[in-house]
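Q: below is the sequence, then the predicted model.
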Amino acid sequence: MPVYEFECPKGTVTERIVKVGTDTIDCPECGEKAKKIISQCAFELKGGGWYADGYSSKKS
């Protein structure tokens, strides 16, 4: 199950491990419905990496 972030109407952001397709949870702070939000991703590709090491298409 993935980790999602949820934000309630009062601005509290909570991380939760929930099933895919879960749109709302109850806020642990105020008890109101918290909606799923899009959070910043920590994944980043830098440098030559896999692309330069042979997985790119070769021009003949």
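A: Received the coordinates, thanks.

Q: going by C-alpha atoms from here, please, whenever you check contacts or count neighbours.
A: Fine.

Q: quick check: the spatially most central residue of the chain vs Val13, distance?
A: With distances taken as C-alpha atoms, centre = their mean, Ser39 lies nearest the centre of the chain, 5.2 Å away. Per C-alpha to C-alpha, to the nearest Å, Ser39 is found 10 Å from Val13.

Q: tell me where the protein has helices.
A: 49-50 (DSSP state H).

Q: the spatially closest residue to Asp26 that is not a sequence neighbour - how many residues pack around it?
A: The shortest distance from Asp26 to any non-neighbouring residue, by C-alpha to C-alpha, 6 or more residues apart in numbering, is to Lys33 (4.7 Å). By other C-alpha atoms under 10 Å, 16 other residues sit near Lys33.

Q: ok, now which ones touch Lys33?
A: Contact analysis of Lys33 by C-alpha atoms under 8 Å, 6 or more residues apart in numbering lists 8-9, 24-27.

Q: before we move on, back to that, surely the residue nearest to the centre of the chain meets Val3?
A: No: between Ser39 and Val3 there is no contact under C-alpha atoms under 8 Å: 10.5 Å.
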